[in-house]
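S.K.: Structure for this input, please:
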Amino acid sequence: MRTDPLQKLAGLRVGVRVSMRVETPEGTADRLGLVLALGPDHVVLEDRAGVRHRVERATVRLARRVPTVARGRNPRHAPPDLLRALAADAGLGAPVGAPCWIARLCDLVDHLDDTGVTPPPGHADTRGFAARDGSRGLVNGEWAAFRLVEAESLEPLAAWAARRNARNVVLTSSLPTEVLDDLGLALLDP
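M.R.: Sure thing, here's the model as predicted:
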């Protein structure tokens, strides 16, 4: 009896990127994409072009996880004034002059499952702005900016931003310094 290569794949979940070698009626084919759904007998992947593929688990010969969130540049090399301005965007509602925290998104999240992220009031979708509970986020190029109210909102907002090709984050928060340190954030130098 053949074993299912996906059963042994550590960290397999909705929102991660995988590469699979599968058997098709035409022969062997490779599938690379973001896992959208996991069923007992199939996996649904979305490829880079946005095409969805239903892959029957019985056809999978090899599988491996591939990096889901791109590493990005070192956020410490960005101009601090630019980051402070991004974090002070009126759409986030952050207090002016609040301390800023930075991180690479790949150090905060390893998947793109942004379940629970919704459009903020006044927005029809989550293309550029997002909300989760009291926290808010925006994406501007490779940067995401958050006003983090609840620690548990960081992961879904980070996944949302990475799904929109952001690589780094700058945020403001009234959470205690110890909590922000534990989340993997670094204080932006004054």
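S.K.: Show me where the protein dips below the pLDDT cut-off.
M.R.: 1-2, 190 (pLDDT under 70).
S.K.: Let's see that with 80 instead.
M.R.: Scanning the chain for pLDDT under 80 picks out the ranges 1-3, 49, 95-96, 190.
S.K.: Quick check: the gap between the residue lying closest to Ala159 once chain neighbours are set aside and Pro176.
M.R.: Closest residue to Ala159 apart from its sequence neighbours, by Cβ to Cβ, 6 or more residues apart in numbering: Asp114 at 4.5 Å. (Glycine included, C-beta is placed from N, CA and C.) For Asp114, the distance to Pro176 (Cβ to Cβ, to the nearest Å) stands at 26 Å.
S.K.: Look at the two and report which has more neighbours.
M.R.: Applying other Cβ atoms under 10 Å to Asp114 and Pro176 shows that Asp114 carries more neighbours, namely 23 against 10.
S.K.: Could you say which helix or strand holds that one?
M.R.: In this structure, Asp114 sits in neither a helix nor a strand according to DSSP states H and E.
S.K.: For it, give me its contacts.
M.R.: Asp114 makes contacts with 15, 126, 130, 156-157, 159-160, 163, as judged by Cβ atoms under 8 Å, 6 or more residues apart in numbering.
S.K.: mind running it again at 10 Å?
M.R.: Listed by Cβ atoms under 10 Å, 6 or more residues apart in numbering, the contact set of Asp114 reads 15, 126, 130, 132, 137, 155-164.
S.K.: Find the centremost residue of the chain, please.
M.R.: Nearest to the geometric centre of the chain sits Ala159, at 2.0 Å (Cα atoms, centre = their mean).
S.K.: Skip the chain neighbours and tell me the closest residue to Ala103.
M.R.: Leaving aside its chain neighbours, Ala103 sits nearest to Leu185 (5.0 Å; criterion: Cβ to Cβ, 6+ apart).
S.K.: which residues of the protein fall in helices?
M.R.: Counting by DSSP state H, one finds helices in the chain at the ranges 80-87, 154-163, 177-182.
S.K.: want to throw these into CSV with distance to Trp101?
M.R.: As requested, these are exported to CSV (distance: least, Cβ to Cβ, whole Å):
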stretch, distance to Trp101
helix 80-87, 9
helix 154-163, 10
helix 177-182, 5
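S.K.: how about those, which one is nearest Ala58?
M.R.: With Cβ to Cβ, the closest approach to Ala58 among those belongs to helix 154-163: 29.6 Å.
S.K.: Parallel or antiparallel, list what pairs with the top strand by length along the chain.
M.R.: Using DSSP state E, we find that the single longest strand of the chain is strand 27-38. The strands that strand 27-38 pairs with in its sheet are strand 17-24 (antiparallel), strand 42-46 (antiparallel) (by DSSP bridges).
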